[in-house]
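**Q** sequence and predicted structure, then a few things I'm wondering about:
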Amino acid sequence: MELKEIYKIMREILSEDEIKLNEPMREHTSFRIGGPADVMVLPRNSEQVKNIVKLCKKHEIPFFVMGNGTNLLVRDEGIRGVVIKLAQNFNDALVHNNIMKCKAGMPLSMAAKIALDNSLSGLEFAHGIPGTIGGAAVMNAGAYDGEMADVVRKVKVLDLDGNVFELAKSQLEYGYRSCNLQKGDKILLEVELELKPGNYDDIKRKMEDFSQRRKDKQPLNLPSAGSAFKRPPGNYAGALIEQAGLKGYRIGGAMVSDKHAGFIVNAGNATFEDVMNLILHVQKQVKEKFNVELESEIKIFGD
Ligand SMILES: Cc1cc2nc3c(=O)[nH]c(=O)nc-3n(C[C@H](O)[C@H](O)[C@H](O)COP(=O)(O)OP(=O)(O)OC[C@H]3O[C@@H](n4cnc5c(N)ncnc54)[C@H](O)[C@@H]3O)c2cc1C
């Protein structure tokens with residue numbers, strides 16, 4: 001379908017500033033890689049999301065959902081169809097006692113700050129993980145001593161037939177960096193967290209400690225999507241990659257970070273192919289040297 005056609009269809013339900021045409025995905029991903037999305041929409045409420053999906057289905061337009069793009073690698077050819085970005089426009093939180101409800105687009109760091117301001121403990125681990133709370137709940141993001149599965153109570157989702165309903169944590173089949181929302185057949189609209197009353201100073205100290213550890217160990221000065229690989233059972237991806245002599249190894253603009261070998265960074269104008277080839281090279285070397293299969297944690301979008 002012609003780009004102008006899709007735009008016209010989306011304008012039925014969205015205002016001009018909620019739709020972007022030919023939007024460079026490198027500006028929406030922490031890797032700073034990716035060609036243009038035909039159309040990007042920035043809905044403000046669940047009703048709009050529902051209508052976007054309905055129109056895409058009716059007109060057979062492919063669509064993709066993203067948060068802040070901090071775990072994404074987008075192809076250089078970009079994305080044909082509609083990217084539904086649930087981030088800055090879809091961002092709200094409500095705290096009642098120890099329960100915190102967040103719209104999917106709320107930055108995880110902001111959710112952690114709200115928990116701190118309410119002396120609620122449980123989200124300290126999340127302080128410093130970029131991305132939205134929706135993306136984090138889908139990825140089961142985690143660090144240090146916690147992961148989203150520890151604090152998610154239930155979620156509100158939209159299925160592709162337009163039904164909005166709640167799912168309890170037990171229905172999400174959480175595992176290490178996984179849950180069944182990764183199948184892509186539902187859009188996460190809202191996350192409800194159950195936190196524990198805590199001590200403001202203790203929570204703050206823990207957050208600051210985690211932040212410092214990140215600054216000390218991670219290459220935060222270069223674009224990346226965080227750890228490129230899942231932790232293999234009983235081992236650490238970064239340690240294996242380092243022992244394989246790959247720290248600083250480069251293909252085109254993509255490089256195994258020389259600060260933390262678990263990160264692949266965009267050291268300058270990296271392309272999709274550069275990153276993919278580097279991931280494959282690292283996997284092959286680690287398999288050959290240690291007989292360990294490294295699984296990539298990064299999600300791939302695009303044609
Ligand atoms: C410097 C850096 C450090 C990082 N540190 C960590 C870390 O310590 N621990 C960790 O686990 N991760 C880490 N990450 C990875 C990343 O931040 C997390 O995976 C984060 O939770 C992704 O959120 P996002 O909003 O950016 O999701 P995106 O990257 O936009 O999307 C990720 C996946 O979730 C899906 N998705 C997103 N939102 C929705 C929604 N509302 N409904 C349905 N599907 C959705 C997308 O389709 C995609 O498949 C790091 C990344 C960087 C760049």
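**A** Arrived safely, thanks for sending.

**Q** how is this protein carved up into domains?
**A** 3-85, 93-202, 219-301 (automatic domain parsing).

**Q** tabulate the ones you listed (JSON lines), appending mean pLDDT, distance to residue 209 and mean neighbour count.
**A** The way it works is simple: take the backbone N, C-alpha and C, and place the C-beta from them, glycine included. Below are the domains of the chain laid out as JSON lines (pLDDT from 0 to 100; distance: least, Cβ to Cβ, whole Å; neighbours: other Cβ atoms under 10 Å):
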{"stretch": "domain 3-85", "mean pLDDT": "95", "distance to residue 209": "22", "mean neighbour count": "19"}
{"stretch": "domain 93-202", "mean pLDDT": "97", "distance to residue 209": "9", "mean neighbour count": "19"}
{"stretch": "domain 219-301", "mean pLDDT": "97", "distance to residue 209": "16", "mean neighbour count": "18"}
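
**Q** okay, those in TSV with distance to residue 210 next?
**A** Putting the domains of the chain into TSV (distance: least, Cβ to Cβ, whole Å) gives the following:
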stretch	distance to residue 210
domain 3-85	17
domain 93-202	6
domain 219-301	13
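
**Q** turn those domains into TSV, including distance to the ligand.
**A** Shown next, in TSV, are the domains of the chain (distance: least, Cβ to the nearest ligand atom, whole Å):
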stretch	distance to the ligand
domain 3-85	2
domain 93-202	2
domain 219-301	2
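
**Q** who wins for proximity to residue 211 among these?
**A** Among the domains of the chain, the nearest to residue 211 by Cβ to Cβ is domain 93-202 (5.1 Å).

**Q** ok, and what's touching stretch 156-171?
**A** 46, 49-50, 53-54, 57, 149, 152-155, 180-181, 185-192 (Cβ atoms under 8 Å, 6 or more residues apart in numbering).

**Q** start and end of that stretch, how far apart?
**A** 12 Å (Cα to Cα, to the nearest Å).

**Q** next: stretch 73-81.
**A** Start-to-end, stretch 73-81 (Cα to Cα) is 17 Å.

**Q** now stretch 208-227
**A** The first and last residues of stretch 208-227 sit 21 Å apart, counting by Cα to Cα.

**Q** for it, what is the distance to the chain centroid?
**A** Mean-position distance between stretch 208-227 and its chain equals 16 Å (Cα atoms, centre = their mean, to the nearest Å).

**Q** quick one: contacts of that stretch?
**A** 29-33, 70-73, 124-125, 127-130, 143-144, 237-238, 257-260, 262-267, 297-298.

**Q** what helix or strand is residue 40 on?
**A** strand 36-41 (DSSP states H and E).
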